[in-house]
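Trainee: Pasting the sequence and the predicted coordinates here, then a few questions.
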Amino acid sequence: MRYEAITWDKLAVTLAAHADGLEPADGGPWLRIGVDGAPAARPDEPAGRLAEALRALGRPVLTVSTGGFLRPASLRYEYGKHDPDSYADGWFDTGALWREVFRPTDAGGSGRVLPDLWDPVTDRATRSPYVELPAGGVLVLHGPLLLGQWFPFDLGIHLSLTPGALRRRTAQDERWTLPAFARYDDEVAPASRADVVVRADDPRHPAWTGLGG
């Protein structure tokens with residue numbers, strides 16, 4: 001896989017222009033984009049830049065973080081607080097993401113998306129109001145382990161880190177998650193599933209594969 005240097009701003013503008021020309025695969029009025037990456041790759045930042053670039057093109061955008069769709073602590077920590085398999089398989093409420101984020105943006109859906117469901121700090125429901133995403137709007141979902149869930153993205157972006165960079169950029173108290181990402185790379189091969197792969201080993205100097213991977 002060959003990578004070319006690019007800036008984050010140019011990446012956002014280029015991807016926004018590409019996305020603006022896409023038609024939703026299901027024929028509905030909403031485009032859905034996934035920005036997949038380990039927390040160390042900071043997927044929220046390129047997702048935010050992409051959202052800004054899309055808004056500059058006149059597209060309504062709703063960004064959603066998988067961090068707002070964690071399962072309750074009693075379920076996340078069923079096998080302990082530092083179990084990498086639980087992190088990979090049971091921390092994120094994928095059922096709620098399908099129900100509250102993807103089905104409303106399916107063809108024929110309501111467009112009423114729940115931006116978050118669970119607050120991990122209080123371990124309670126957030127009770128956030130639904131957000132109406134108008135026709136022609138773009139949903140941008142960002143977070144880790146996204147490309148193994150069969151989510152119906154019209155554009156999938158994977159932020160790639162080498163094992164060494166992932167370890168360096170992961171906080172010491174979160175390194176117990178590293179086996180989960182090694183397993184994700186082995187079992188899911190996210191770089192092969194994404195439409196665009198961005199190498200983010202050095203956050204100051206990203207590189208990408210170009211459109212079409």
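Mentor: Here it is on my side, so go on. Numbers count the residues shown, from 1 in each chain.
Trainee: This structure: helices as residue ranges?
Mentor: For the chain, the helices identified by DSSP state H occupy 8-20, 44-56, 73-76, 84-90, 94-97, 163-169, 178-187, 190-193, in order along the chain.
Trainee: Remind me what the third one packs against, helices and strands.
Mentor: Where contact means 3 or more Cβ pairs under 8 Å, 6 or more residues apart in numbering; DSSP states H and E, helix 73-76 is packed against helix 84-90. C-beta: built from backbone N, CA, C; applies to glycine.
Trainee: residue contacts, the nearest residue to Asp9 once chain neighbours are set aside?
Mentor: Closest residue to Asp9 apart from its sequence neighbours, by Cβ to Cβ, 6 or more residues apart in numbering: Arg49 at 6.7 Å. With contacts taken as Cβ atoms under 8 Å, 6 or more residues apart in numbering, Arg49 has the following neighbours: Trp8, Asp9, Leu11, Ala12.
Trainee: Who are the contact partners of the residue positioned nearest the centre of the chain?
Mentor: Centroid-nearest residue in the chain: His142, 2.3 Å away (criterion: Cα atoms, centre = their mean). The neighbours of His142, taking Cβ under 8 Å, 6+ apart as the test, are Gly34, Val35, Asp36, Gly37, Pro43, Asp44, Pro46, Ala47, Thr63, Val64, Ser65, Thr66.
Trainee: Recalculate using a threshold of 6 Å.
Mentor: Val35, Pro43, Asp44, Ala47, Ser65 (Cβ atoms under 6 Å, 6 or more residues apart in numbering).
Trainee: Pick the one among the residues you listed closest to Ala182.
Mentor: Pro43 (18.1 Å; Cβ to Cβ).
Trainee: Return the distance of the residue nearest to that closest one when sequence neighbours are not counted relative to Ala191.
Mentor: In space, not counting the residues next to it along the chain, Pro43 is nearest to Gly37; the distance is 3.8 Å by Cβ to Cβ, 6+ apart. Counting by Cβ to Cβ, to the nearest Å, the gap from Gly37 to Ala191 is 11 Å.
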